[in-house]
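**Student:** next comes the sequence, and after it the predicted model I'd like to discuss.
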Amino acid sequence: RFEKLYNQKAIVMPMCVNTKKYKPVNHPRGERFLFLGKISPEKGVHLAIQYCRELGVPLDVVGGLIPSELGSSYLQSIISLCDGVRIKFYFNITEEEKINFLQNAKAVIYPVQQEEANWLVGIEAAACGTITITYDTGAFKEVCWGFVVRSEEDFKRVMGHCSWMS
């Protein structure tokens, strides 16, 4: 996929996650799903919120943007969809806070809408022992520790069956 997207030779690199920091914890998982990534339509933040609303499950939206995008209308629309209770929004958090979210999430949901050349969030989630639910569009099946689905119905079905992960 990398070679097709970037017209460059792909090479295998060692895991780029500090597994002394990103690691599983010995307590039960929380009840909240987690979206972690750039706040952009291509990453599917609006879909993560939509699916959680439809299923009546809580979601933490954790992300950021480069400074030139801070005034984007998409960011403002995402903030307006978060009620601060069921759907919470966290922006440009610290690494320690990010690790805490990853270690305590029920699952990372990543309804990506574009092809991608790497998937750091998936690797970080796996290192923390947290499963991911994502579309096969941009996910790397080789590093997905969780579920790769092809349709919105499958995405929500898998989310709905996550009660065993608590």
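**Tutor:** Ah, there it is. Numbering: from 1, shown residues only.
**Student:** going forward, measure contacts and count neighbours with C-alpha atoms only.
**Tutor:** Fine.
**Student:** strands along this structure, start to end?
**Tutor:** Counting by DSSP state E, the chain has strands at residues 33-38, 59-64, 87-91, 108-110, 132-135, 146-149.
**Student:** tell me which of these approaches residue 74 most closely.
**Tutor:** Comparison of the strands of the chain against residue 74 by CA to CA identifies strand 33-38 as nearest, at 11.3 Å.
**Student:** so which elements touch that closest one?
**Tutor:** Counting by 3 or more CA pairs under 8 Å, 6 or more residues apart in numbering; DSSP states H and E, the packing neighbours recorded for strand 33-38 are strand 59-64, strand 108-110.
**Student:** so which of these is the most surrounded?
**Tutor:** strand 108-110 (a mean of 27; mean count of other CA atoms under 10 Å).
**Student:** before we move on, back to that, could I get the helices and strands packed on strand 33-38 as JSON lines with distance to residue 46 and mean pLDDT?
**Tutor:** Output for the helices and strands packed on strand 33-38, formatted as JSON lines (distance: least, CA to CA, whole Å; pLDDT from 0 to 100):
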{"stretch": "strand 59-64", "distance to residue 46": "10", "mean pLDDT": "94"}
{"stretch": "strand 108-110", "distance to residue 46": "11", "mean pLDDT": "94"}
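**Student:** right, and these - which one's nearest residue 79?
**Tutor:** strand 59-64 (9.4 Å).
**Student:** and the closest one, how far out from the chain's middle?
**Tutor:** With CA atoms, centre = their mean, to the nearest Å as the basis, strand 59-64 stands 8 Å off its chain's centre.
**Student:** kindly report the same for stretch 85-102.
**Tutor:** For stretch 85-102, the distance to the chain centre is 11 Å (CA atoms, centre = their mean).
**Student:** same check, this time on stretch 48-66
**Tutor:** The answer for stretch 48-66 is 9 Å, by CA atoms, centre = their mean.
**Student:** before we move on, the earlier item: save the helices and strands packed on strand 33-38 as JSON lines, and put in distance to residue 136 too.
**Tutor:** Listed next are the helices and strands packed on strand 33-38 as JSON lines, based on distance: least, CA to CA, whole Å:
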{"stretch": "strand 59-64", "distance to residue 136": "21"}
{"stretch": "strand 108-110", "distance to residue 136": "10"}
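**Student:** and of those strands, who's closest to residue 93?
**Tutor:** Closest to residue 93 of those is strand 59-64 (CA to CA; 7.7 Å).
**Student:** for the closest one, packing partners?
**Tutor:** strand 33-38, helix 45-55, strand 87-91.
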